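**Student:** no FASTA, just this:
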């Protein structure tokens, strides 16, 4: 417990105030902003650290062409593409419930 610091609130306001590197970041927020959250925390995550993103399968909507234009679904699709094309990370989707994307930072 003395090694874990939990921050709750708007990440866009909180993250800039933190002067420490992150070993683990859990993203579970407005799906339209996942790319912004990822970019906001990435340089603060240590190499070997992890970013976990919840709801990455979005109730199956990520494979439903009819849902691709919904704002929340589009946010998840854009985020998935961003991470898949980022050569600084390795990642895997855990298909548990609504899906968790596990992203390991392997380079700056």
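**Tutor:** It's in. Being a predicted model, the structure only gives us computed values, none of them experimental.
**Student:** Quick check: next helix or strand after the strand of greatest length in the chain?
**Tutor:** Longest strand in the chain, counting residues (DSSP state E): strand 45-54. Next in sequence after strand 45-54, counting helices and strands by DSSP states H and E, comes helix 71-84.
**Student:** Quick one: list the elements packing against that following helix.
**Tutor:** Helices and strands touching helix 71-84, by 3 or more CB pairs under 8 Å, 6 or more residues apart in numbering; DSSP states H and E, are helix 34-42, strand 89-94, strand 100-105. Glycine gets a C-beta too; all of them are placed from N, C-alpha and C.
**Student:** Wait, residue 75 touches residue 36, no?
**Tutor:** No. The pair residue 75 / residue 36 is not scored as a contact, 9.3 Å apart, by CB atoms under 8 Å.
**Student:** the more surrounded of these two?
**Tutor:** residue 75 (18 against 15; other CB atoms under 10 Å).
**Student:** The more buried one and residue 1, how far apart?
**Tutor:** Computed with CB to CB, to the nearest Å, the distance linking residue 75 and residue 1 is 33 Å.
**Student:** can you give me how far stretch 27-39 is from the chain middle?
**Tutor:** 6 Å (CA atoms, centre = their mean, to the nearest Å).
**Student:** and residue 101, how far is that from residue 17?
**Tutor:** 26 Å.
**Student:** Actually, residue 68.
**Tutor:** 36 Å.
**Student:** quick one: contacts for residue 83?
**Tutor:** 38, 53, 89, 91, 101, 103 (CB atoms under 8 Å, 6 or more residues apart in numbering).
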